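**Q** sequence and predicted structure, then a few things I'm wondering about:
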Amino acid sequence: MDETVPARLRRLARTPVLPGEEHRRALETQIASRFGSARKESTVHTVLFRSTVVAGLLAAVGAGASQVPATYQAEVGKHVEIRTDAPPEPGAIRAAIRAIEGNAGGERRAVRVRVRVEATPDGSLAAIDVHGDTIGMEGIPDAIRKAVPSLAGARITVQPVEGSVEGDLGGMVGTKVLGERLSAAQIEAEVRRDLAAAGVDGSVSVEVKEDQADGESRREVRVIVTKEKEEGGAR
Amino acid sequence: MGGRARPVRLPWPIREARLSRLATRAARGERSAVVSLYRALHPGVSRFVGRRVHGQAAAEDAVSTTFHRLLESLARLDPARGSVEGYALSIARSVLREGRRESREAFRIEDAPEPADPRGDPLGTLLEAEGDARLRHHLAALPDATRELLALRFADGLRFREIATVLGEPEATLRQRASRAVRELRESLREDEGGELAHG
């Protein structure tokens, strides 16, 4: 018997009879109409991004921007490689992972860790993938060296891990415009292009404010989409 | 930012954390969160229902009822105490039971084996069909609760944390019960094969 019982059970699973696309849309309209019936939508969707360089606030106000689903590439974690001349001491990699997680800023969110340690011609390589959306990148090597003295001489590299994120347009816009040093005009152009591509109509206002204080650059992007609500919605 | 882009599937904990945040905001009445939550949960709820009903109309009816009931009970949902997706599926399960629409098994227990594909390996296909028939026979002999547990795990592909929320039982207990059931199925299939060899 080559195939395992779980694999055979998965193969025996029924193919589901799925609701039609028309039904899915109609149900979404029904559900949305149960929440808020004002003629002009007033829901405020706020996404807050922080980094050591840029702090930004993006607020998308209106029927369109915050509800439009969008799948986009965003950073979902860090890939850390620790190269040493000799195999790491027992517990060193675990301590390094704790140091990486400790770099997650004030709010600790879901984190998944995957570790691979292998011998290399010139010593040892520990590859650590840490998934989490608030992990800072800048201080990871120093944090590891400080927390784990036996890795003080290790060669440590950090790279971002990108993943496909199923989010909404507000998140997509925020990730794109705040993750790069774009000019105010470039940000406005990017936002307008994203909104148009996502089929958001209505009156769009984009406001970009920048200021610097205490050596930190702060950028605030406010997107306001005002759309007349259609009369006679379901339920 | 630079560096290489490593395409990965968004890890399950991050998806669950996002659903929890959406559920919390939806419970406060944020319309955008309600719609996002609906869009995130709709595929899973639809597949769960669609494996257990006959016909698209019944599936649409049950999915509608599930989501309306989910939104009415959002205030009672505590994401910290269980999986949001599991909570939605527990409502779907309840809807199916109340409406007696759960007229099929998530596994194709009563189905006849698929006909052999003459273009492929006829003997291999025949042996696989016989093996599947034996597995269905042993599945049918299991208690309803065990069969449902295996369906949630292997047909619906749920994690034990989600199954615990759906069934309202401790995760560790469900892990043990599923492991034991798989082991017993494996042993039963081995006994079948041993019997065939003895008679062969």
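**A** Received, thanks. Everything numeric here is computed off the predicted structure, so don't read it as measured data.
**Q** go through whichever strand or helix holds residue B:70 and flag the buried ones.
**A** Using DSSP states H and E, residue B:70 sits within helix B:56-72. The neighbour-count check on helix B:56-72 (16 or more other Cβ atoms under 10 Å in any protein chain shown) flags B:58-68, B:70-71 as buried. Quick note: C-beta positions are derived from backbone N, CA and C, even for glycine.
**Q** using the three-state scheme, assign residue A:126.
**A** Under DSSP: H, G, I helix; E, B strand; the rest coil, the three-state class of residue A:126 is strand.
**Q** tell me the contacts of it?
**A** A:81, A:82, A:83, A:84, A:88, A:93, A:96, A:115, A:116, A:117 (Cβ atoms under 8 Å, 6 or more residues apart in numbering or on different chains).
**Q** from what I can see the first one touches residue A:157, true?
**A** Which is residue A:81. Yes - using Cβ atoms under 8 Å, residue A:81 makes contact with residue A:157 at a distance of 4.9 Å.
**Q** with neighbour numbers in mind, choose between those two.
**A** The neighbour comparison of residue A:81 against residue A:157 (other Cβ atoms under 10 Å in any protein chain shown) goes to residue A:81, with 15 against 12.
**Q** okay, and the beta partners of the more buried one?
**A** residue A:127, residue A:157 (DSSP bridges).
**Q** any figure for the gap between it and chain B?
**A** With distances taken as Cβ to the nearest Cβ, to the nearest Å, residue A:81 is found 12 Å from chain B.
**Q** and residue A:84, by the same measure?
**A** Computed with Cβ to the nearest Cβ, the distance linking residue A:84 and chain B is 22 Å.
**Q** and that residue, what is it in contact with?
**A** By Cβ under 8 Å, 6+ apart, the neighbours of residue A:84 are A:123, A:124, A:126, A:151, A:153, A:154, A:155.
**Q** 7 Å instead, please
**A** A:123, A:124, A:151, A:154 (Cβ atoms under 7 Å, 6 or more residues apart in numbering or on different chains).
**Q** from those, which single one is nearest chain B?
**A** Relative to chain B, the closest of these is residue A:154; by Cβ to the nearest Cβ it sits at 19.1 Å.
**Q** for burial, what's the neighbour tally of the closest one?
**A** 21.
**Q** again with residue B:183
**A** Applying other Cβ under 10 Å, we find 11 residues neighbouring residue B:183.
**Q** which strand or helix spans it?
**A** Using DSSP H and E, residue B:183 falls within helix B:171-199.
**Q** gap between residue B:93 and chain A?
**A** 15 Å.
**Q** hang on, the earlier thing: of the contacts of residue A:84, buried ones?
**A** Buried members of those, counted by 16+ other Cβ under 10 Å: A:124, A:151, A:154.
**Q** what sits against the last one?
**A** What it means is residue A:154. Counting by Cβ under 7 Å, 6+ apart, residue A:154 has contacts A:82, A:83, A:84.
**Q** what would these look like in CSV with pLDDT?
**A** Listed next are those as CSV, based on pLDDT from 0 to 100:
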residue, pLDDT
A:82, 90
A:83, 89
A:84, 87
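**Q** nearest to residue B:21, of those residues?
**A** residue A:82 (32.2 Å; Cβ to Cβ).
**Q** the closest one reaches residue A:156, doesn't it?
**A** Yes - judged on Cβ atoms under 7 Å, residue A:82 makes contact with residue A:156 at a distance of 5.3 Å.
**Q** tell me which helix or strand of chain B sits lowest on mean pLDDT?
**A** The weakest-scoring helix or strand in chain B, judged by mean pLDDT, DSSP states H and E, is helix B:122-140 (a mean of 77).
**Q** tell me which other helices or strands the helix or strand following that one touches.
**A** Scanning forward in sequence from helix B:122-140 by DSSP H and E, the next helix or strand is helix B:144-150. For helix B:144-150, the elements it packs on are helix B:171-199, judged by 3 or more Cβ pairs under 7 Å, 6 or more residues apart in numbering or on different chains; DSSP states H and E.
**Q** buried ones in the helix it packs on, by neighbour count?
**A** Applying 16+ other Cβ under 10 Å to helix B:171-199 flags B:171, B:174, B:177, B:178, B:181, B:182, B:185, B:186, B:188, B:189, B:192 as buried.
**Q** mind putting the residues you listed in CSV, pLDDT included?
**A** As requested, these are arranged in CSV below (pLDDT from 0 to 100):
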residue, pLDDT
B:171, 90
B:174, 94
B:177, 94
B:178, 94
B:181, 94
B:182, 93
B:185, 92
B:186, 92
B:188, 90
B:189, 88
B:192, 80
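**Q** tell me the pLDDT at residue 113?
**A** No chain specified, so I'll use chain A. Note on residue A:113: pLDDT of 67.
**Q** that's the wrong chain, I meant chain B
**A** 47.
**Q** check residue A:156 too.
**A** In this model, residue A:156 carries a pLDDT of 90.
**Q** pick out the residue in chain B sitting closest to chain A.
**A** Evaluated by Cβ to the nearest Cβ, chain B has residue B:50 as its residue closest to chain A, separated by 2.9 Å.
**Q** now do the contacts for that residue.
**A** Counted by Cβ under 7 Å, 6+ apart, residue B:50 has contacts A:16, A:17, A:18, B:59.
**Q** identify, from the residues you listed, the entry nearest to residue B:164.
**A** Comparing the contacts of residue B:50 against residue B:164 with Cβ to Cβ places residue A:16 closest, at 22.5 Å.
**Q** which helix or strand contains residue 95?
**A** As the question left the chain open, I've gone with chain A. Assigning secondary structure by DSSP H and E places residue A:95 in helix A:92-101.
**Q** try again with chain B
**A** In the assignment (DSSP H and E), residue B:95 maps to helix B:84-98.
**Q** which secondary structure elements does that helix contact?
**A** Under the contact definition 3+ Cβ pairs under 7 Å, 6+ apart, helix B:84-98 sits against helix B:12-27, helix B:31-50, helix B:56-72, helix B:160-167.
**Q** and the longest one, what's buried?
**A** Think helix B:31-50. For helix B:31-50, burial by neighbour count (16+ other Cβ under 10 Å) applies to B:31-42, B:44-50.
**Q** report the distance from that helix to the chain centre.
**A** Centre-to-centre, helix B:31-50 and its host chain are 15 Å apart (Cα atoms, centre = their mean, to the nearest Å).
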